[in-house]
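**Q** The amino acid sequence is not available; the structure is as follows:
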């Protein structure tokens, strides 16, 4: 019997849909390998696998254990780059090529960049269980090329469960005061980028551990949205190298110039530039620096052994904008050398329920030297050993209450500097003329 036309058409449509669905599922399951630890489709280099991925994925690139001396550029969507365990071996390590790192792009302001993994104009990117190591980068001292471990440019994605290390120029002893060596960098001109950096070990960087930067063109400029979560971040001071002269003042985490987001549950330590003194300006190292970006939330971070612990800095003098409305809550800051545990050089911030121990200057500073320092709330913080528990500045509208203080020279003190009595008697301390951290400023150089 002849099948009705309507039934035949329905069967045909169903068949087409089935074929399309099968094709879609096949695409969704596309997985390739770098190295020979698996029998699936494999490539000899990470870049070759990236080049073979479809433009809009999704593609998973599993990287077999071993060393991969290459610089990788990813400009495709929905790519997952993952270290792949094989037997007892686990580490998939990206190293500089045999001749060292070379420029493979430019940053959002047109400055040359030498990145080990460069993610450009991509969405849905995921990097996990990789080791990115700049040992052997062979960059000459103070070259105009910024060395970067993982660089997200106008891109969205995640970086998790990875190791990013040794992001400093090979000839470290002679590198001068170069703002170079960014372990993880997130930059965006559009404000549409969203990047999560979580559960990574980041150590031995020349300038910054994690950096997030916007357009830097003034108040309200767009920037990336970042979630910086549960990372272990250790500066060069842990190795003893950042005690050299000359040197660069590190920041464990720096977000600024229009970036926004949250910084939660990170451990940040050993960000110290050894030659710094209280009389210097513009070169102090810090644990977490918020620079000209309002509205950040910092909670449950552990910061120790830095020259500033946490800072929120307004810079309207140079046209960048404010760091107002920062929330600093339930953090633990210890062993701050030279300067303050928490410095709010901005306005309308909340500093609450932090534990601040062993601060060389003040535990908490309501700093007005950035042309701000007003309408801040400081409450229920626990302070142990400091020159001043709360350094009040000269701002207006600030509320300070319920901050138990133990072993401080002053529980509260007006003004913007605090010299411990013993140092004042010996004449060994100088008051700084003006507060200055040392941010990485990526504007056109």
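**A** Now that the structure is in, tell me what you want to look at. Please read these numbers as outputs of a predicted model, since none were measured by experiment. Numbers count the residues shown, from 1 in each chain.
**Q** all strands in the stretch 301-445 of the chain, in order from the N-terminus.
**A** 302-306, 308-313, 327-329, 332-336, 342-345, 350-352, 355-366, 377-379, 382-391, 399-401, 405-406, 410-413 (DSSP state E, counting those that start in this stretch).
**Q** could I get those as CSV with distance to residue 149 and mean neighbour count?
**A** Using the backbone N, CA and C atoms, a C-beta is placed for each residue, glycine as well. Output for the strands of the stretch 301-445 of the chain, formatted as CSV (distance: least, C-beta to C-beta, whole Å; neighbours: other C-beta atoms under 10 Å):
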stretch, distance to residue 149, mean neighbour count
strand 302-306, 21, 23
strand 308-313, 24, 31
strand 327-329, 27, 21
strand 332-336, 26, 23
strand 342-345, 28, 31
strand 350-352, 32, 21
strand 355-366, 31, 27
strand 377-379, 36, 19
strand 382-391, 35, 24
strand 399-401, 41, 12
strand 405-406, 40, 16
strand 410-413, 41, 17
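**Q** all helices of the protein, in order?
**A** Applying DSSP state H to the chain gives helices spanning 5-28, 46-52, 421-426.
**Q** which residues are contacting the second one?
**A** The set of residues that contact helix 46-52 without belonging to it, under C-beta atoms under 8 Å, 6 or more residues apart in numbering, is 32-34, 43, 61, 63, 68, 70-74, 76, 79, 81, 94.
**Q** Could you give the average pLDDT over it?
**A** For helix 46-52, mean pLDDT is 97.
**Q** change the start of the numbering to 744 and stick with it
**A** In the new numbering, first residue 744, that becomes helix 789-795.
**Q** pretty sure residue 952 is in contact with residue 981, am I right?
**A** No: here residue 952 lies out of contact with residue 981, judged by C-beta atoms under 8 Å, at a distance of 11.7 Å.
**Q** who's more crowded, those two?
**A** residue 952 (33 against 15; other C-beta atoms under 10 Å).
**Q** Find me whatever residue is spatially closest to that one, sequence neighbours aside.
**A** residue 976 (4.1 Å; C-beta to C-beta, 6 or more residues apart in numbering).
**Q** mind checking how far that neighbour is from residue 886?
**A** 25 Å (C-beta to C-beta, to the nearest Å).
**Q** of these two, who's got more company?
**A** residue 976 (31 against 16).
**Q** Bridged to the more buried one, which residues?
**A** residue 945, residue 1011 (DSSP bridges).
**Q** Contacts only, for it.
**A** Counting by C-beta under 8 Å, 6+ apart, residue 976 has contacts 945-946, 952-953, 995-996, 1009-1012.
**Q** What of residue 899?
**A** With contact set as C-beta under 8 Å, 6+ apart, residue 899 has these partners: 865-868, 935-938.
**Q** what number of residues lie near the closest residue to residue 1015 other than its chain neighbours?
**A** With sequence-adjacent residues excluded and distances taken as C-beta to C-beta, 6+ apart, residue 1015 is closest to residue 980, at 4.1 Å. Residue 980 has 23 neighbours, counted by other C-beta under 10 Å.
**Q** Report pLDDT for residue 980.
**A** With respect to pLDDT, residue 980 has a value of 80.
**Q** between the strands of the stretch 1044-1188 of the chain, which one is nearest to residue 1064?
**A** Of all the strands of the stretch 1044-1188 of the chain, strand 1051-1056 sits nearest to residue 1064, with 10.4 Å by C-beta to C-beta.
**Q** Please state the offset of the closest one from the chain centre?
**A** With C-alpha atoms, centre = their mean, to the nearest Å as the basis, strand 1051-1056 stands 14 Å off its chain's centre.
**Q** For residue 1016, state which of the contacts of residue 899 is nearest.
**A** residue 938 (27.5 Å).
**Q** beta partners of the closest one?
**A** Under the criterion used (DSSP bridges), residue 938 bridges to residue 900, residue 969.
**Q** So residue 823 versus residue 1063, what's the distance?
**A** 35 Å.
**Q** do residue 1135 as well
**A** Residue 1135 is 26 Å from residue 1063, by C-beta to C-beta.
**Q** And residue 1159, by the same measure?
**A** 21 Å.
**Q** Since that was my last question, I'll sign off now.
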